[in-house]
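Participant: one predicted model, sequence on top.
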Amino acid sequence: MYLTYAEYQAYGGKLDEATFNDLGFEACCIIDWYTFRRLVNDATVSENVKRLVYRLINDLELRNKAMTLGKETTASVTETPVSTGVIQSQSNDGFSVSFNVMSAKDIALSSTLKSPQMRSLIETYLTGVKNALGQDVLYRGLYPNE
């Protein structure tokens, strides 16, 4: 994790520790996805990364509240399979198309990763940030030995 619970509380976080751990892990996974895991091996974490994790946790909490608003149980919301319209497989000769079926939880994570707000937050906080090896963490290419 890039942010401890004590640091989260110092920034003004109000979540209990269990919820913080769940959402913090998800926030770190999102950061790792955007940075190609370039921050994982760093011994120290920059202030930008810590503040980004804090912001992502708050946004993820709001997303979770919005997903469960008006629903009786979270399990029914997050585990019910729905068709996403994403093609899973396609044949040509007999023309057969099958679509991917995902749970609402998977759809929420996918939309979170691709949301313009999420990308904007990550670009705002991580632009110009380098890891311990001196690599720009948002560089979309490959560095030697990656």
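Facilitator: Noted; the coordinates are in hand. Numbers count the residues shown, from 1 in each chain.
Participant: which element is the residue nearest the centre of the chain on?
Facilitator: Among the residues of the chain, the one closest to the centroid is I30, at 2.9 Å (C-alpha atoms, centre = their mean). Using DSSP states H and E, I30 sits in helix 17-35.
Participant: can you list contacts of that helix?
Facilitator: Helix 17-35 has contacts (C-beta atoms under 8 Å, 6 or more residues apart in numbering) with 1-3, 5, 8, 13, 15, 39-40, 49, 52-53, 56-57, 60-61, 64, 109, 112-113, 118-119, 122, 126, 137-138. (C-beta placed from N, C-alpha, C; glycine too.)
Participant: in the protein, which helix or strand is least confident?
Facilitator: Least confident element among the helices and strands of the chain, by mean pLDDT, DSSP states H and E: helix 74-79 (a mean of 46).
Participant: now, which of the contacts of helix 17-35 lie within helices?
Facilitator: Of these, the ones assigned to helices by DSSP state H are 5, 8, 49, 52-53, 56-57, 60-61, 64, 109, 112-113, 118-119, 122, 126.
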